[in-house]
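[1] got a structure for you, letters missing:
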Ligand SMILES: CCCCC/C=C\C/C=C\C/C=C\C/C=C\CCCC(=O)SCCNC(=O)CCNC(=O)[C@H](O)C(C)(C)COP(=O)(O)OP(=O)(O)OC[C@H]1O[C@@H](n2cnc3c(N)ncnc32)[C@H](O)[C@@H]1OP(=O)(O)O
């Protein structure tokens with residue numbers, strides 16, 4: 001039986017200098033330090049600061065296959081979730097996904113460059129409503145999501161050991 005590489009599974013509480021940026025370096029969607037992650041790199045358009053838009057191009061292979069030749073539906077959900085989460089920092093909040101709904105309109109192919117984009121829709125207090133889409137380069141929408149993100153307050157982050165309490 002192979003010996004697991006435990007260095008990839010070090011509990012976050014054992015990190016020498018835990019902070020939100022360092023922890024995010026292992027994010028499955030965008031963390032550069034996660035060897036099994038998707039390594040998505042987004043461009044964020046804040047020309048309208050109230051309605052940020054995040055975009056990336058990606059191309060996956062059989063590591064993320066579901067139906068033969070197509071991306072697994074759970075990975076499609078991950079892509080859409082990740083894209084929407086990228087809108088939170090431009091809105092100057094830390095937030096987590098509370099609810100999302102997905103329309104799988106067409107199978108999402110492997111081995112093709114695709115466009116993943118998200119847009120902030122509205123805010124009601126600590127509730128942020130976003131949307132995201134995966135498109136072919138010709139604009140055909142393959143999958144679409146709406147998401148509700150909840151702003152995480154400083155006290156909760158401090159309890160999780162991610163920031164110092166303000167007072
Ligand atoms: C505590 C540890 C924090 C650690 C994380 C720190 C920071 C995170 C931010 C950035 C991290 C950096 C990298 C990004 C990483 C990943 C990217 C992808 C994003 C994700 O992958 S992130 C993982 C999945 N995510 C979760 O693991 C969340 C689990 N969850 C909770 O931890 C709680 O849920 C919490 C704390 C969020 C809120 O908890 P809560 O108790 O304060 O509030 P509750 O959940 O009850 O609802 C709130 C309001 O949403 C309304 N509501 C509910 N459903 C609705 C619906 N369908 N439509 C309309 N409204 C709805 C309710 O009615 C209520 O509204 P109202 O306030 O008006 O009553």
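    Nice, thanks for sending it over. Everything quoted here is computed from the prediction, not taken from an experiment.
[2] please see if the helix or strand of the chain with the lowest mean pLDDT touches the ligand.
    Ranked by mean pLDDT, DSSP states H and E, the weakest helix or strand in the chain is helix 20-24, scoring a mean of 75. Yes - shown here: helix 20-24 in contact with the ligand (CB under 6 Å from any ligand atom) through residue 24. C-beta: built from backbone N, CA, C; applies to glycine.
[3] please apply the same query to stretch 108-125.
    No - if you take CB under 6 Å from any ligand atom as the test, stretch 108-125 misses the ligand, and the best it gets is 6.5 Å.
[4] quick one: average confidence on that stretch?
    For stretch 108-125, the mean per-residue pLDDT is 98.
[5] can you give me the buried ones in it?
    108, 110, 114, 115, 116, 117, 118, 119, 120 (16 or more other CB atoms under 10 Å).
[6] kindly report the same for stretch 81-100.
    Neighbour-count burial for stretch 81-100 flags 81-88, 90-91, 93-95, 97, 100 (criterion: 16+ other CB under 10 Å).
[7] quick one: residues in contact with that stretch.
    Stretch 81-100 has contacts (CB atoms under 8 Å, 6 or more residues apart in numbering) with 20, 27, 29-30, 38, 40, 42, 44, 46, 49, 52-54, 56, 77, 80, 116-120, 123, 127-128, 130-132, 145-152, 157.
[8] for these, which ChimeraX command selects only the ones that are buried?
    This is the ChimeraX syntax for the buried subset of those, where burial follows 16+ other CB under 10 Å:
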select :27,29,30,38,40,42,52,53,54,56,77,80,116,117,118,119,120,128,130,131,132,145,146,147,148,149,151,152
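[9] let's see which of the contacts of stretch 81-100 end up in helices.
    Mapping the contacts of stretch 81-100 onto helices (DSSP state H) picks out 20, 77, 80, 157.
[10] residue ranges with poor pLDDT in this structure?
    Low-confidence segments of the chain (pLDDT under 70): 1-19, 164-167.
[11] before we move on, the earlier item: and which of the ones in helices among the contacts of stretch 81-100 is nearest residue 136?
    Closest approach between those and residue 136, by CB to CB: residue 80, at 15.3 Å.
[12] residues contacting the closest one?
    So residue 80 contacts 100, 102, 116, 118, 132, 133, 134, 143, 144, 145, 147 (CB under 8 Å, 6+ apart).
[13] pretty sure the fourth one contacts residue 54?
    Put plainly, it is residue 118. Yes - under the criterion of CB atoms under 8 Å, residue 118 makes contact with residue 54 at 4.8 Å.
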